[in-house]
Structures are given as structure tokens and as C-alpha cells.
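K.L.:
dropping the sequence and predicted coords here.
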Amino acid sequence: MRELTKSISSFSWAMSLFGLQQTANLVSPDKASDAFDSVTKATEEQFGEVVKTTFNAGDKLQRQAVDLTLGFFTGEELNPNRLLRMVSDAVRQSMEVVTGGVEATTSTLRQAASTASPQRPAVSTEPAAGSGSTSSPSQRPGWGPMPS
Amino acid sequence: MLELTKSAISYSWAISLFGVQQFTSLVTPDDLRDPARRANAASYSVTQATQNQFNDLIFGGFLIGDEVQRGLMDFMFDTLTLRAFAPSYVSKVTSEVVAQSRDTLRVFMSAENARLAWQELKNNYEVFNLVKNVSSLLHIPEERKDFDLAKLVEAAYALGEYPDLWAVEGLGHDYAMTFWGKGKPIRGILTEGQARALPEKSLTMMHAGLGLAFAQQLMNRIAPYSAASEVRVVLQEFVTLVQSNSRKGYEGAAYESLGLVTRFWHSQMVNIVDQQLCKLEPEAVSYFWHGAGRAHYFLPIYFVPGLLSPWLAVEREAPHELARLNMIAGLAWAMTIVNVRQPMIMENFLKYHGDQIARTPAFSNGVISTLIMGIDTTPNDVYLTSFLKYQPDSSDQRVVELWNKLVAGPVTDALRRICPVLKKHRRLGEVFRYQNLSELVERLEGGAR
């Protein structure tokens, strides 16, 4: 319980500061966008299969909705063919979200009733010993190499 | 703007679903003995990814807030479980509060103390920036094919006495990074190729930078909730990398950086790494704790003069005597070398903490070791030379005695007797941990005879 409380507080504190950081990043929208994407990717990695499917479906839907809305203002989306395709895609995506949601609920109930499944590793990279191989050689931004 | 909007909505959607995922993890735990493990692990990973996006100032704010909330949570739970009412607990907390208050008061007691505290803060920040901006200062290329190591070492030394030390460390880090993630086994970074021609004086700090690069990359692969076997795999890789890329006798400088990286960026993992390293490579444990002690000097929470004392923190955090001695030595190491241009900072420190630190040999060991490293890296350094010649204000005989006993005496002896032997036997990496250096010298000389 103690660890969980600390972990939730840390997470909340990080999220609050992330809001602040992103406000500062607004002067450079690309940087802000990249920062959002990095945290979103790290969050997505923690999802189980069902939540991941729901996320992907919802994400596609929102991206199209944003394209549609902002495109309308720029006149890009006034082409009837494009508009029709967009609407049909949106309907399909909505169905996927609903299906994903139902699956998630079913799976959760099934999970609760059955024995536990193997745990997702917290950090998932499989390095080749001594090769320094990594999916993203993460040079930490912010505080760089430290002095002695 | 369009992409930013999409990314922001995507992020909000992910965080909302993360809440659902966390709730599900808590109500359907994998392991009934530790039902929150999966949720804790996920929170940790997302928090780490988030803090990687922070700039220096916000990262500092995060570390301070996080340490404070963790302390408060511990106190709250100790109160709820009535542990906080045990006489030993009350006495420990009271003595810590009194010691901290005394330390805070000291900073603001006189204008001179405040001036020296401000100077210490400036030095700390300057060093931090030197290491951080070494790439742009030296125009270090990212690709190995463009890397002219000999020229860059020369450029690092051309920055002048004091900055050169940190620049060489940063250069070691950047050079090691050019070998990273290429899919080939990493071997011989500081023993083969361009590194063969490295001047001897650059070797300790080049190794420190090498260890820093390995530790930064590898520690990102594990979390406090990773299985012990996963932690061991990562630590084994670190040890193997250090051994196969370091010159003989300099491995300690690289091992030490693991402690610095762990305490600075992965504070929840310090005790886990200690436990696993004890089983895997007991030789590296003391270096690890020395680095953890050194990290305290640069942690934002101890950065602000008078806010919290790192000296009290190392006493509180050390889980065993080996850790305590090495952390004190590591902290003394950083404090001495960062403030070497203003010996009055050390004098002022001795004035208020001298009696306390005189009880352990670790403080003097840290001072000796850092000066051996400094003189080896920058022979005839003007600041080191004037530090060695410095004499405190003779009106306070107690401080003069403490200076002679803890700083001047041991350092003079070490430079005359210990440093040449360590150089002769190519064992300068040994100064990156606490140990009786006189005994080491006797052993080395005994073995040589």
C-alpha cells in the first residue's frame, strides 16, 4: 500500500510537471508533439492486448476527426468524395471502439474469474550481452552526463 | 499545429485508458502476495518516460517534489501504523530535524557563510553545465568515423585548468556512445584503436565517462519491479562491458559511475542494485556506493544551500557500513574537487562539521583520492597547487588543527607516498572507492618486491 501510494503520487507529480513542460514547449510545437508521442508510446507499452486495441481504434478515430474538423476550416475536406470516405471510416472506427470495449469488459470479467495470466515485464528490452544493442539508444535529454 | 492537436488528444486518450488498465491490474492481481506490483511497475515506466521529457529546471523540481512526497508518505504510514511513536523513531527524527535546522541556520548566520554557500552553488552549477555542454564546447561529432580522439583530448585540455577535468569525463562519455547500439560486440573502447594513443593523464576521467555512458544506457532497461534475474542480467552486462573496454587498473573509475547514475536517475533502485551486485561482483560494490555518495552532491534537492544537507542524507540512506564509508568518501570527493578554487569553502565546512566528520576516516579518504585524481589528470594545476598550500585563518586554532588533520596532512602524505606507487602499478582506479590507501600501497610494494 505504501509503495502504491508513493507510486501514484510520483506519477501524478510527473504528469502535473509534464503539463508545465508542455506549456513551455508550445513555442516549438514539434518538440511538444514529440514529447506527447514519447509519453503516449511509453504508456501504450504498458497496455494489455485489449486495452491496446481499444486505444488504437480510438486513436485512429480521433485523428480522423481532427483532420475532418481542422480540414473543414482550411477547405481541404469540402471535396464530397473525401468527405464520404472520411465519414464511412469514422463509422467503421466507431464500431471497432465499441467492439474493443465489449471485448475489454468480457476479458476483464473473465480475468477476474480465472487464474492470473503471466505478468507483463515493466521494462521490456532484450539486450544482446555486451553489444549495447537497444531498440532506442536513449540518450537522456535534460540532465546529461554527470560530473565527478 | 494539426499534429500537436492529434498528439495531445492521443496522449489524453492513452492516459485515460492507463487509468482503466491500472484499476484492472489492481482488482485482478497477478500475484496475491504483492497485488500492486503490476500497477506499480506500469506507473514507474510511464513516470520515467515522462521525466525524460523534462528540461533541467523541471527535472530538478520533479526530483525535489518526489523526494519530499516520498518522505511525507513514509512518515504518514509510520504514523498510521504507530511506528512513529516508538521512542527510537522519535529520537531519530528529532535529532535529524535538529541537525538539519542547525545546518540551515549556519548558512544564514553570517554574510560570509551566505556568500560561501552561494559560491558553492555557482561552482556546482558551473560544473554541471561543463559536463552537460561538453559536446558543443568541443564540437564533438556524433559518428565514430569523424571522431579524432587525440585532437579532442587536446581541445579538452585547452579549455584550461579546472574545466579540463570535466571536459575529459564528458569526452569519455561521448566517445563510448559512438560505439553504442551498432549491433556489434563492444570491446576495447579505451584499449584499442584511437584510444591506444591517449595520454596517461586523461585515463581516469575517460574511464569515468565510459562508465557513465554504459550505466545511463543499461539502467534504463530495468525498474524496481523487474525480476531479480533481469536486474542481474543488466548488471552482468555492465560489468562485462567495463572489463572488456577498460585498461587494467582503471576499471574502478568506470564502476563508480554506476552508483552515480543509479542514485541520480533511478533512486528507487539503489538498494536493489547493491543486493544484486553483492552476489555478482562484490569487488564493484564499494565503487558503486562511492558513486552514489558523489551523486548526492549534484542532486537538486541538496543543490540549494541550507535547504537539506547531503551529509545527513548519506548517513540516513546507507544500508550498511561499507555503503556509509563509501558514500561519505564520494561526497567529500565531489565537494573538494568542485570547490577546489575556493579553499575557504572547505575551511568553512570544517568549522561547522569538522568534529562530526573527524570521527570517520572516510572524509579524508575522499579528499585525498579526489586530489590524487585531480593532480594525475591535470599535473601542475594552479588551483590544486594553491589548495594544497592554503592555510585557514589562524585566529581559529580549532579549524587550523582540523584542516591539518583532515586535509593538509593526509593529502601531503598521499601525494608524496601513495600517488607515485599507484601510478607505478597502474592502479589509479583504486582511488574511486573508500579503502586504506596506505595498506594498499604496502600490499602493492610488498608484492612487487
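P.N.:
Now that the structure is in, tell me what you want to look at. Remember, predicted model here, so these are calculated numbers, not experimental data.

K.L.:
thought B:Ser25 was touching B:Ala42?
P.N.:
Yes. Taking CB atoms under 8 Å as the contact criterion, B:Ser25 and B:Ala42 are neighbours in contact, 6.8 Å apart. Just so you know, the C-beta spots here come from the backbone N, C-alpha and C atoms, and that holds for glycine as well.

K.L.:
please, where are all the helices along chain A?
P.N.:
Counting by DSSP state H, chain A has these helices, from start to end: A:2-25, A:29-44, A:49-74, A:80-113.

K.L.:
closest one to B:Ser286 among those helices?
P.N.:
helix A:2-25 (28.5 Å; CB to CB).

K.L.:
what's the neighbour count on residue 50?
P.N.:
Using chain A here. Residues lying near A:Val50 (other CB atoms under 10 Å in any protein chain shown) number 20.

K.L.:
correction: the question concerned chain B.
P.N.:
B:Thr50: 23 surrounding residues under other CB under 10 Å.

K.L.:
apart from its chain neighbours, what residue comes closest to it?
P.N.:
Once flanking residues are discounted, B:Thr50 sits nearest to A:Ala14: 4.3 Å by CB to CB, 6 or more residues apart in numbering or on different chains.

K.L.:
where does the one you found land on pLDDT?
P.N.:
Turning to A:Ala14, the model gives it a pLDDT of 93.

K.L.:
ok, the one 5 residues further on next?
P.N.:
On pLDDT, A:Gly19 comes in at 92.

K.L.:
for the one 10 residues further on, same thing?
P.N.:
The confidence metric pLDDT takes the value 86 at A:Pro29.

K.L.:
make CSV out of the helices of chain A and add distance to B:Asp66.
P.N.:
What follows is the helices of chain A, written out as CSV (distance: least, CB to CB, whole Å):
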stretch, distance to B:Asp66
helix A:2-25, 5
helix A:29-44, 17
helix A:49-74, 27
helix A:80-113, 31
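
K.L.:
mean pLDDT lowest where, among those?
P.N.:
Of all those, mean pLDDT reaches its minimum on helix A:80-113 (a mean of 66).

K.L.:
tell me, how many residues neighbour B:Ser226?
P.N.:
B:Ser226, neighbours per other CB under 10 Å, totals 21.

K.L.:
quick one, phi/psi of it?
P.N.:
Dihedral pair for B:Ser226: phi -70, psi 150, per degrees, to the nearest 10.

K.L.:
again, but for B:Met344
P.N.:
B:Met344 adopts backbone torsions of phi -70, psi -20, taken as degrees, to the nearest 10.

K.L.:
count the residues that sit near the nearest residue in space to it that is not next to it in sequence.
P.N.:
Nearest residue to B:Met344 in three dimensions, chain neighbours excluded: B:Leu116, at 6.4 Å (CB to CB, 6+ apart). Neighbour count of B:Leu116, defined by other CB under 10 Å: 21.

K.L.:
helix or strand: which one has B:Leu116?
P.N.:
Secondary structure from DSSP states H and E places B:Leu116 in helix B:111-132.

K.L.:
what is that helix packed up against?
P.N.:
Packed against helix B:111-132 by the contact rule (3 or more CB pairs under 8 Å, 6 or more residues apart in numbering or on different chains; DSSP states H and E) you find helix B:87-109, helix B:163-177, helix B:282-298, helix B:300-303, helix B:321-338, helix B:343-357.

K.L.:
which residues touch the next helix or strand along the chain from that helix?
P.N.:
Under the assignment DSSP H and E, the closest C-terminal helix or strand after helix B:111-132 is helix B:134-138. Residues outside helix B:134-138 that contact it (CB atoms under 8 Å, 6 or more residues apart in numbering or on different chains) are A:145, B:130, B:140, B:152, B:155-156, B:159, B:166-167, B:169-171, B:173-174.

K.L.:
which pair in these spans the largest distance?
P.N.:
The most distant members of those, if one measures by CB to CB, are A:Pro145 and B:Ala155, lying 16.9 Å apart.

K.L.:
coming back round to it: give the contact list for the residue nearest to B:Met344.
P.N.:
B:Leu116 neighbours (CB under 8 Å, 6+ apart): B:342, B:344-345, B:348.

K.L.:
in chain B, where is pLDDT below threshold?
P.N.:
B:144, B:447-449 (pLDDT under 70).

K.L.:
domain parsing of chain A, as residue ranges.
P.N.:
Residue ranges for the domains of chain A, per automatic domain parsing: A:14-46, A:48-111.

K.L.:
SS state for B:Ser394?
P.N.:
coil (DSSP: H, G, I helix; E, B strand; the rest coil).

K.L.:
how many neighbours does it have?
P.N.:
For B:Ser394, the count of nearby residues is 8 (other CB under 10 Å).

K.L.:
shouldn't the residue nearest to B:Thr50 be in contact with B:Ala49?
P.N.:
No. Contact criterion CB under 8 Å: A:Ala14 and B:Ala49 do not qualify, at 9.0 Å.

K.L.:
thought B:Arg341 was touching B:Tyr383, still the case?
P.N.:
Yes. Counting by CB under 8 Å, B:Tyr383 does reach B:Arg341; the two are 4.7 Å apart.

K.L.:
what sits in contact with each of the two?
P.N.:
Joint contacts of B:Tyr383 and B:Arg341 (CB under 8 Å, 6+ apart) are B:Tyr162.

K.L.:
backbone dihedrals for B:Thr178, please?
P.N.:
phi -70, psi -10.

K.L.:
sorry, back to before: kindly reformat the helices and strands packed on helix B:111-132 as a markdown table containing mean neighbour count.
P.N.:
Putting the helices and strands packed on helix B:111-132 into a markdown table (neighbours: other CB atoms under 10 Å in any protein chain shown) gives the following:
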| stretch | mean neighbour count |
| --- | --- |
| helix B:87-109 | 13 |
| helix B:163-177 | 27 |
| helix B:282-298 | 26 |
| helix B:300-303 | 19 |
| helix B:321-338 | 26 |
| helix B:343-357 | 19 |
